[in-house]
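Novice: What would the 3D arrangement of this be:
(one chain, ligands or ions: 1)
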Amino acid sequence: MKIGLIGYGTIGCGVAELLLEKRRHPNLELVKIADIDLERKRDFMPDKSLFTTDAFEILNDPEIDTVIELMGGIEPARSYILSAFANGKDVVTANKALLSSCWKEIMEKANSCKRRIRFEASVAGGIPLLSAVFSGLGANKIEAVYGIINGTTNYILTRMEKTKESFSNALAEAQKKGYAEACPSFDIDGIDTAHKIAILASLCFGKTSPVSSIYTEGIRRITHFDISCAAELGYSIKLLGISRMDKDRLSIRVHPTMLKKEHMLSSVSDVYNAVYIKPDLTGPLLFFGRGAGRYPTASAIYADLLALKRGEEFCIPEVEMVEPINITEITSKYYIRVQAEDMPGVLAMISGVLAENNVSIASCIQKERGKAVPIIMITHEAREGAIVSSLSKIDKSPFIKEESLKIRIEEI
Ligand code: HSE
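Specialist: Residues are numbered from 1 along each chain as shown. Next up, the predicted model:
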């Protein structure tokens, strides 16, 4: 196998180091590396002769049969991958943004050119999750998948819980450690998780949704106060990517979620990823490990190269693009935080609006006294549409001091 690597960042360095030094495999030969910036200092610098700034020196090289794409982003990665297939090369990529946006086009091009693509590193980094879903769980019908698949947000939520650190300090720490996406919004607004859950749904259900149709809510509005109230009530708060089949309809969404403290996903802390899958034959499974970073991700890429070398391919099922169940149609229990003036009648107003919308309250706590106080409520099972209508009416009251927050409670 003669390999060309496009994109020489942290992961690219890890892959090159494995191929050229650490795991040297006689049949996997890295022959060219392309990156537009060859001046930047890297901690693994092979011989200069391997480098080029022109990706087409790889794409047009008839000697190279396998291209590793590690640039990220949509363009020019998309064009490079399509051109690699057209030129008879197989592809290994970690590009979740591209796969989730252009799945159909990429798979159709691979099929029409009789080429193969592998993308183990695109979801949950070092955890061999996609291979497990494809091969290990081949006999199963998967009912649901719940994933902590963004290390940065998990790290931030963990730090906020343990050290009471502010959201922005915790984010800065995660960035320093090199886990965060180039654009922090991709992590903290849940976009990276949406990309990954879209890919997971394709493999688990043969159905997925365009990223623009996936309900995506990040962790910006979660405060240390919410995390400690949740803990007192017996819950943790995690950013989850969730996908499941509800009869014949796909439910796929990303949002902060309250989980019972005893659930295994609740104990997944720091940058770790974990994916909880419910296949019908095996029963629930939990995959746990490092979802980002140089060596875990390079390990997944190297494994894909070995699989191609063995002649294996993902039998990519025909994936149907569907509109998911609208978020307003789901039902859940909710944690609600309302910031209200502390005076007689305010709680009656809030509970009155919830009652009008048929939302039943399971418990209510008011922690402080003063001008504006947080009122925390847990509801019984309710329709999201009813919660949204209630909160929008409550928030219009002159007694309410800021937009109310809701967190869905999942019982999995
Ligand atoms: N930013 C991602 C994360 C990196 O935090 O998990 C790996 O996809």
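
Novice: from here on, contacts and neighbour counts on C-alpha atoms
Specialist: Noted.

Novice: Helices of the stretch 251-400 of the chain, start to end?
Specialist: 294-309, 346-356, 384-395 (DSSP state H, counting those that start in this stretch).

Novice: Please identify the most buried of these.
Specialist: The highest mean neighbour count among these, using mean count of other C-alpha atoms under 10 Å, belongs to helix 294-309: a mean of 21.

Novice: wait, does that helix contact the ligand?
Specialist: No: using C-alpha under 6 Å from any ligand atom, helix 294-309 stays clear of the ligand, coming no nearer than 8.2 Å.

Novice: So for that helix, could I get the coordinates as CSV, restricted to C-alpha?
Specialist: Taking Å, rounded to 0.1, in the frame of the first residue of the first chain, the C-alpha atoms of helix 294-309 are listed here in CSV:
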residue,chain,number,x,y,z
ARG,A,294,-3.1,12.5,18.5
TYR,A,295,-2.6,8.8,19.2
PRO,A,296,-6.2,7.6,19.8
THR,A,297,-7.3,9.1,16.5
ALA,A,298,-4.1,8.0,14.7
SER,A,299,-4.9,4.5,16.0
ALA,A,300,-8.3,4.5,14.3
ILE,A,301,-6.7,5.7,11.0
TYR,A,302,-4.0,3.1,11.1
ALA,A,303,-6.6,0.4,11.8
ASP,A,304,-8.6,1.5,8.7
LEU,A,305,-5.4,1.2,6.6
LEU,A,306,-4.8,-2.3,7.9
ALA,A,307,-8.5,-3.2,7.2
LEU,A,308,-8.1,-1.9,3.6
LYS,A,309,-4.9,-3.9,3.3
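
Novice: just how off-centre is it within its chain?
Specialist: 20 Å (C-alpha atoms, centre = their mean, to the nearest Å).

Novice: what's in contact with that helix?
Specialist: For helix 294-309, contacts defined as C-alpha atoms under 8 Å, 6 or more residues apart in numbering pick out 1, 10-15, 18-19, 28, 92-94, 116, 118-121, 125-128, 290-291, 313.

Novice: and those near the ligand, which?
Specialist: Within the contacts of helix 294-309, those near the ligand by C-alpha under 6 Å from any ligand atom are Gly291.

Novice: Could you give me the ChimeraX syntax to select whichever of the contacts of helix 294-309 are buried?
Specialist: Command for ChimeraX that selects the buried part of those, burial taken from 16 or more other C-alpha atoms under 10 Å:
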select :1,10,11,12,13,14,15,18,19,28,92,93,94,116,118,119,120,121,125,126,127,128,290,291,313
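
Novice: Inside helices: which ones of the contacts of helix 294-309?
Specialist: Among the contacts of helix 294-309, the members found in helices (DSSP state H) are 10-15.

Novice: Closest to Cys183 out of those?
Specialist: Nearest to Cys183 among the ones in helices among the contacts of helix 294-309 is Thr10, at 15.5 Å by C-alpha to C-alpha.

Novice: Next to the ligand, which bits of the stretch 201-350 of the chain? Give me the list.
Specialist: 291-292.

Novice: List the residues that contact the residue of the stretch 201-350 of the chain found nearest the ligand.
Specialist: Using C-alpha to the nearest ligand atom, the single residue of the stretch 201-350 of the chain nearest to the ligand is Ala292, 4.3 Å away. Contacts for Ala292 (C-alpha under 8 Å, 6+ apart) come out as 124-126, 151, 179, 271.

Novice: min pLDDT across these, which one?
Specialist: For the contacts of Ala292, the weakest pLDDT value sits at Tyr179, with 74.

Novice: where does that residue land in three-state SS?
Specialist: Of the three states, Tyr179 takes coil according to DSSP: H, G, I helix; E, B strand; the rest coil.

Novice: quick one: it from the ligand, how far?
Specialist: According to C-alpha to the nearest ligand atom, to the nearest Å, Tyr179 stands 5 Å off from the ligand.

Novice: Now do the contacts for that residue.
Specialist: Residues in contact with Tyr179 (C-alpha under 8 Å, 6+ apart) are 151-152, 271, 292-293.

Novice: make it 6 Å
Specialist: Thr152 (C-alpha atoms under 6 Å, 6 or more residues apart in numbering).

Novice: Next, count neighbours for Ile336.
Specialist: Residue neighbour count, defined by other C-alpha atoms under 10 Å, stands at 21 for Ile336.

Novice: which residues does it contact?
Specialist: By C-alpha under 6 Å, 6+ apart, the contact list for Ile336 reads 376-377, 405-406.

Novice: List just the nearest of the residues you listed to Pro279.
Specialist: Among the contacts of Ile336, and counting by C-alpha to C-alpha, the member closest to Pro279 is Lys406, at 29.8 Å.

Novice: Isn't that closest one up against Tyr335?
Specialist: Yes: Lys406 lies in contact with Tyr335 (C-alpha atoms under 6 Å); the separation is 5.5 Å.

Novice: related to what we said a few turns ago, do you know how far the residue of the stretch 201-350 of the chain closest to the ligand is from Glu356?
Specialist: Per C-alpha to C-alpha, to the nearest Å, Ala292 is found 46 Å from Glu356.
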